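[1] Here is my input, please return the structure:
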Amino acid sequence: MQLTPLNDLHVELGANLVDFAGWEMPILYDSIINEHRFTRQHATLFDVSHMGRLFLSGPDAEALLERLNTRPIADMKIGQCRYSHVCREDGGILDDVIVSRLHERWLVVCNASNRDKIVGWIRKHSEGRQVTLDDQTLTTAMIAIQGPDTLALAKDYLTMIDLAGIKRYHCLEGSYLGINYICARTGYTGEDGYELILPAAAGRMLAGSILNAKGALEGRIKPAGLGSRDTLRLEAGMPLYGHELSESVDSLTAGQAWAVDLNKDFIGAPVLRQLQEHGMARQLVGLHIEGKRIARQDTPVEKDGGKIGVVTSGTLSPTLDMVIAMAYVDKQFAAIDTPLQVNLRGQPIAAQVVRLPFYKRSK
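    Numbering: from 1, shown residues only. Below you'll find the model as predicted:
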């Protein structure tokens with residue numbers, strides 16, 4: 001099992017560690033609910049070093065990324081980040097990624113479970129092109145600090161970076177005391193925050209200093225694990241690969257049409273154009289579910305006793321104090337306010353289609 005550079009810090013802080021995509025990762029430190037709520041109210045630090053960090057350079061890097069991604073790449077300015085999908089020829093989603101344009105190279109951040117697949121895909125389509133791929137996943141650390149207090153805390157911990165000067169979905173590449181870093185105003189919680197890539201040892205040192213400094217002792221920032229990261233992203237209506245996204249699902253059916261530009265040529269575009277023209281059979285929707293029983297992944301969704309869909313993710317929302325879920329349902333049952341049921345071990349429980357996201361932070 002692979003260890004992140006912050007592993008000894010997780011042990012020191014008493015984290016509950018689990019195997020996640022071949023990495024030993026903290027699922028929680030205190031409780032998922034407490035870490036979730038603290039993120040919404042203050043700020044938390046997540047170790048996301050398991051995610052792939054792939055750097056591409058060379059004369060043909062831009063053209064390659066343009067071909068592989070569902071969103072335009074060539075028009076990106078230095079310091080801009082863009083969420084995108086990488087698809088197969090049949091439109092199935094290989095991964096959802098964030099592409100960043102740096103000064104002389106590109107950064108692709110991919111999911112841990114898909115890193116080998118995406119590396120292989122890039123290499124396959126790099127044949128005959130002048131592209132260099134540098135996978136720095138194992139030599140760097142990546143930490144995310146998320147929550148409404150993030151910017152105020154950054155003034156204490158990241159004095160070398162003007163975080164407030166970085167626009168949402170933009171990044172800054174720099175060096176401080178000989179340590180190279182990339183700081184991006186991105187995240188996966190529905191809150192404001194940033195993600196920071198550093199050399200492995202520097203990442204461990206920074207995370208330790210933040211969590212053991214005055215701000216942590218005053219209760220302004222705490223560590224959080226993958227459990228709360230999942231419930232936070234679900235409230236924010238953000239898809240998770242292996243749940244809402246997979247090779248058996250296309251970007252349009254997944255409700256991610258905003259992340260697709262069908263006017264450009266990319267792998268999978270012809271199939272997606274046909275889907276747009278003829279319509280999708282299913283659609284991803286949000287559900288409010290009656291009671292307190294959680295509808296987990298693969299729970300059947302029904303209408304009048306007949307199965308019309310399946311839950312992809314579900315939880316008891318710590319912010320809204322109600323059971324929420326995302327699900328794929330037949331298109332004719334996807335309209336907002338449509339009454340449905342989820343089948344929990346043979347018992348139909350009332351549910352209603354609602355607009356995503358479930359939660360949106362105040363500006």
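
[2] pLDDT weak spots in the chain?
    Residue ranges of the chain with pLDDT under 70: 213-218, 363.

[3] Grab the longest strand from it for me.
    The single longest strand within the chain, with elements called by DSSP state E, is strand 306-317.

[4] which residues touch it?
    230-231, 234-235, 240, 243-244, 282, 284-285, 287, 289, 292, 294-302, 322-330, 333, 340, 342-343, 358-359 (C-beta atoms under 8 Å, 6 or more residues apart in numbering). C-betas here are computed from N, CA, C, even on glycine.

[5] middle-most residue in the chain, spatially?
    Geometric centre of the chain, nearest residue: residue 188, 4.8 Å, by C-alpha atoms, centre = their mean.

[6] show me the contacts for that residue.
    144, 146, 229, 232-233, 238.

[7] at 7 Å instead, please
    229, 233, 238 (C-beta atoms under 7 Å, 6 or more residues apart in numbering).

[8] related to what we said a few turns ago, report the angle between the axes of the following helix or strand past the longest strand of the chain and strand 306-317?
    Next helix or strand after strand 306-317 toward the C-terminus (DSSP states H and E): strand 322-330. Angle of strand 322-330 versus strand 306-317, following axes from the mean of the first three to the mean of the last three C-alpha atoms, to 10 degrees, is 150 degrees.

[9] Tell me which other helices or strands strand 322-330 touches.
    helix 226-235, strand 282-289, strand 306-317 (3 or more C-beta pairs under 7 Å, 6 or more residues apart in numbering; DSSP states H and E).

[10] now it, how far from the centre of its chain.
    Distance of strand 322-330 from its chain centroid, counting by C-alpha atoms, centre = their mean, to the nearest Å, is 19 Å.

[11] Tell me the most packed of the contacts of residue 188, by neighbour count.
    Compared across those, residue 229 has the highest neighbour count, 27 neighbours, by other C-beta atoms under 10 Å.

[12] got the contact list for that residue?
    For residue 229, the contacting residues are 46, 188-189, by C-beta under 7 Å, 6+ apart.

[13] hey, where'd the strands end up in the stretch 51-200 of the chain?
    Assigned strands in the stretch 51-200 of the chain, in chain order: 52-57, 81-87, 93-101, 106-110, 132-135, 140-146, 171-176, 179-184, 193-199 (criterion: DSSP state E, counting those that start in this stretch).

[14] JSON lines for those strands, including mean neighbour count?
    JSON lines is the format used below for these (neighbours: other C-beta atoms under 10 Å):
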{"stretch": "strand 52-57", "mean neighbour count": "20"}
{"stretch": "strand 81-87", "mean neighbour count": "22"}
{"stretch": "strand 93-101", "mean neighbour count": "23"}
{"stretch": "strand 106-110", "mean neighbour count": "23"}
{"stretch": "strand 132-135", "mean neighbour count": "14"}
{"stretch": "strand 140-146", "mean neighbour count": "24"}
{"stretch": "strand 171-176", "mean neighbour count": "16"}
{"stretch": "strand 179-184", "mean neighbour count": "19"}
{"stretch": "strand 193-199", "mean neighbour count": "23"}
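
[15] Can you check which of the ones you listed gets nearest to residue 208?
    When these are compared for distance to residue 208 using C-beta to C-beta, the nearest one is strand 140-146, at 10.6 Å.

[16] pretty sure residue 328 contacts residue 282?
    Yes. Counting by C-beta atoms under 7 Å, residue 282 is a contact partner of residue 328 at 4.7 Å.

[17] Just want to know which of these two has more residues nearby.
    More crowded of residue 328 and residue 282, by other C-beta under 10 Å: residue 328, with 23 against 19.
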